[in-house]
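>>> Got a sequence here, can you model it:
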Amino acid sequence: MRLVRFQKNGGVFYGVLEGEDVRTIEGDVFDEFIPDGKIFRRDDVKLLAPVSPRDIIAIGLNYKKHAEESGLNFPDKPLIFLKATSSVIGPEENIILPEAAPGEVDYEAELTVVIGKRAKNVEIDEVDNYILGYTCGNDVSARDCQFRIDQQWARGKSFDTFCPLGPWIETELANPEQCRISSRLNGKIMQDSNTSDLIFGVRELVSYCSKNFTLLPGTIIMTGTPEGVGFPRKPPVFLKQGDIIEVEIDGIGVLKNRVV
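Numbering: from 1, shown residues only. Predicted structure coming up:
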């Protein structure tokens, strides 16, 4: 099932994507719901970020080859950081280069987990009961802030528009740890990997995070990015005005955003 969050006639709704139609739901997407029969054409609604997160938990250095390209050792435990919820945008919305740090803005394709119900101290074999589904994410990052100016990650990861999500939540992803994940910059493949390269798998991450924080319904966990990001390239590749950056994950879809 593909769950969408969309805007129509000034209102914001959740719905189920059925081909090219969106059917609204009755109930709570984080509890019990049923499609209620109101149908809109997909082209007649504006798709929003598929969730308005309660919290954004992100994981650094969680693909083996990305750690290697960064010249860093594999972490012994998941490396957790947070992004501001105000950084969220949806599919086809613009990533804005921040005035304070426009020159070294990077892309990061990420499989993103959407938590469906309150989770605390969840064991690995219980995790599936707490996941609503999965979406594509882009952990946009101002590398100059992250590595040199601030020497920590909060600001560089949290500028407005630095967390594109979408285009929907896939609730029935067959195996989240065996998915091709890629990014394209102006049509050119930059990242092309598989979630099988994760250091810490999805279930391990959700369990670990739940033992450190209470995961509220609507919390998202961004599981890390594979190799191919811009900053380690020679020469580095950073986002610039007019670029189109796309994140694609097999079994989910394509998240597309323009840079302005």
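>>> So, low pLDDT: which residues of the stretch 151-260 of the chain?
Low-confidence segments of the stretch 151-260 of the chain, defined by pLDDT under 70: none present.
>>> hey, where'd the helices end up in it?
154-158, 202-210 (DSSP state H, counting those that start in this stretch).
>>> Equivalent analysis for the stretch 1-150 of the chain, please.
Using DSSP H, counting those that start in this stretch, the helices of the stretch 1-150 of the chain run over 64-69, 143-144.
>>> Dump those helices to JSON lines, plus distance to residue 13, mean pLDDT and mean neighbour count.
In this view, the C-beta of every residue, glycine as well, is placed from N, C-alpha and C. Below are the helices of the stretch 1-150 of the chain laid out as JSON lines (distance: least, Cβ to Cβ, whole Å; pLDDT from 0 to 100; neighbours: other Cβ atoms under 10 Å):
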{"stretch": "helix 64-69", "distance to residue 13": "37", "mean pLDDT": "89", "mean neighbour count": "17"}
{"stretch": "helix 143-144", "distance to residue 13": "37", "mean pLDDT": "96", "mean neighbour count": "20"}
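>>> what's the closest of those helices to residue 105?
If you check each of the helices of the stretch 1-150 of the chain against residue 105 by Cβ to Cβ, helix 143-144 wins as the nearest, at 7.6 Å.
>>> would a markdown table of the helices of the stretch 151-260 of the chain with distance to residue 220 and mean neighbour count be doable?
Below are the helices of the stretch 151-260 of the chain laid out as a markdown table (distance: least, Cβ to Cβ, whole Å; neighbours: other Cβ atoms under 10 Å):
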| stretch | distance to residue 220 | mean neighbour count |
| --- | --- | --- |
| helix 154-158 | 14 | 20 |
| helix 202-210 | 11 | 21 |
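>>> Those helices: which one's closest to residue 36?
Proximity to residue 36 (Cβ to Cβ) singles out helix 202-210 among the helices of the stretch 151-260 of the chain, at 30.2 Å.
>>> Residue 191: which of the helices of the stretch 1-150 of the chain is closest?
Comparing those by Cβ to Cβ, helix 64-69 comes nearest, at 8.8 Å.
>>> List the contacts of the closest one.
Applying Cβ atoms under 8 Å, 6 or more residues apart in numbering, the external contacts of helix 64-69 come out as 61, 73-75, 193, 197, 199, 224-229, 232.
>>> Most neighbours of all those, which one?
For the contacts of helix 64-69, counting by other Cβ atoms under 10 Å, the largest number of neighbours falls to residue 225: 29 neighbours.
>>> hang on, that residue packs against residue 63?
Yes - at 6.6 Å, residue 225 counts as touching residue 63 under the criterion of Cβ atoms under 8 Å.
>>> Format the CA atom coordinates belonging to stretch 194-203 as CSV.
The C-alpha coordinates for stretch 194-203 follow below in CSV (Å, rounded to 0.1, in the frame of the first residue of the first chain):
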residue,chain,number,x,y,z
ASN,A,194,22.1,-1.5,-2.1
THR,A,195,20.8,-1.5,1.4
SER,A,196,22.6,-4.8,1.8
ASP,A,197,25.7,-2.6,2.4
LEU,A,198,24.3,-1.2,5.6
ILE,A,199,26.5,-1.6,8.6
PHE,A,200,23.5,-1.6,11.0
GLY,A,201,20.3,-2.9,9.4
VAL,A,202,16.8,-1.4,9.7
ARG,A,203,15.5,-3.6,12.5
